[in-house]
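Novice: okay, here's the prediction I keep looking at, along with the sequence it came from:
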Amino acid sequence: MKLLSVIVPCYNEEENVRDFYDELLRNASFFQEKETEIEIIYVDDGSKDKTVAEVKRLHEEDARVHLLSFSRNFGKEAAIYAGLQRAKGDMVVMMDADLQDPPSLLPEMYSYIEQGYDSVATRRVTRKGEPPVRSFFARMFYRIMNKISRTEIVDGARDYRLMTRQVVDAILAMTEYNRFTKGIFGWVGYETKWLEYENVERKKGETKWSFWKLFVYSLEGITAFSTVPLTMAAVLGALFCVLAFGMIIVTIVRTLIYGDPTSGWPSLVCIILLVSGVQLFCLGIVGQYLSKTYMEVKKRPIYLVKEDI
Ligand code: UDP
Ligand code: MG
């Protein structure tokens, strides 16, 4: 018998815990045919509602259901990492609790693993039901990201992935604190099959990602998988130095020929404003990397477990 681990990160998903379980088992007969057992690991990311109680109730009914709960909200990336560490399966799949990752795709995903792929990833081709502004910024993020990073990050990629043990171990070996999962998957490589599907809207509850949270997450992605902004800051600084040098010569020559005119302070103010703005911006970029390095150096645990059932 083989074992498939299903990892479900949950943050305030009390309404979805049982629905997810039912929907998953509806597609589980396929795995029986394939002589594959399932274990379901709900990772409770410090929920403030009754998610933990719901999972415990499921666990009493079905011993294949496991619970790993955190001491507080550590974020989805940490929940995925914890789930991967806890999973014992020969294969592991990660799925959202809100049923936006349809379990009906599992048999097809499984068939590709049988064909010899190391990992089967999914991407949604539409962004139906999403605010247009959000879609616009998301598209822009992926375009910029793929220009400035050597790691491939696919637009619309979801965290819904089926992986072999080998890939899981590779991901577990990346113990960094700032975990940008989409980048980590791209970074480890291996042969990946991409499946496409239409966006499914969340069944119940609300999305945990505000625009601001997504914006901060995108910065995380950029600083974790690209150092191009640092180079850009340096190039910009050099450019301004050259410009300043030219200006100095022009000013000296002009003063020698025409004397010292007192006019010209508006242009001076403009230059000071622009240059100091650019300086602050570049300092901000450096600060971003410094803060990430700071967090890595501290070597804090990625998550803290409260209960493991
Ligand atoms: N999630 C989590 N921790 C968080 C935020 C979200 O574990 O801090 C889980 C959430 O419960 C869900 C999945 O991550 O199972 C995806 O979250 P959501 O559906 O809110 O994101 P969206 O689908 O809107 O991008
Ligand atoms: Mg969702």
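Specialist: Noted; the coordinates are in hand. Keep in mind the model is a prediction, meaning the values are calculated, not measured. Numbering: from 1, shown residues only. Ligands and ions are numbered 1, 2, ... in the order given.
Novice: and stretch 74-84, anywhere near ligand 1?
Specialist: Yes. Residues of stretch 74-84 are located near ligand 1 by CB under 6 Å from any ligand atom, namely Gly75, Lys76, Ala79. No exception for glycine: its C-beta is placed from N, CA and C like everyone else's.
Novice: which element follows the longest helix seen in the chain toward the C-terminus?
Specialist: Assignment by DSSP state H gives helix 265-298 as the longest helix of the chain. The C-terminal neighbour of helix 265-298 among helices and strands, as given by DSSP states H and E, is strand 305-308.
Novice: who does that next one pair up with?
Specialist: With DSSP bridges as the test, strand 305-308 is paired with strand 65-70 (antiparallel).
Novice: how about the residues of the stretch 151-300 of the chain near ligand 2?
Specialist: Arg202 (CB under 5 Å from the ion).
Novice: in the stretch 151-300 of the chain, which segments are predicted with low confidence?
Specialist: 261 (pLDDT under 70).
Novice: quick one, helices of it?
Specialist: Counting by DSSP state H, counting those that start in this stretch, the stretch 151-300 of the chain has helices at residues 165-172, 181-188, 211-225, 228-258, 265-298.
Novice: so which of the ones you listed comes closest to ligand 1?
Specialist: helix 211-225 (8.2 Å; CB to the nearest ligand atom).
Novice: which phi and psi does Glu152 have?
Specialist: When quoted as degrees, to the nearest 10, the phi and psi of Glu152 stand at phi -80, psi 130.
Novice: next up, the contacts around the closest residue to it other than its chain neighbours.
Specialist: Excluding the flanking residues, the one nearest Glu152 by CB to CB, 6 or more residues apart in numbering is Gly186, at 4.7 Å. Going by CB atoms under 8 Å, 6 or more residues apart in numbering, Gly186 touches Thr151, Glu152, Ile153, Val154, Phe225.
Novice: neighbours around the third one, how many?
Specialist: The reference is to Ile153. 19 (other CB atoms under 10 Å).
Novice: over to the last one?
Specialist: When neighbours are defined as other CB under 10 Å, Phe225 has 22 of them.
Novice: circling back to that earlier point, which of the residues of stretch 74-84 next to ligand 1 sits closest to Asn199?
Specialist: Lys76 (18.0 Å; CB to CB).
Novice: hmm, the closest one is touching Tyr11, no?
Specialist: Yes. In this structure, Lys76 is within contact of Tyr11 by CB atoms under 8 Å, at 7.2 Å.
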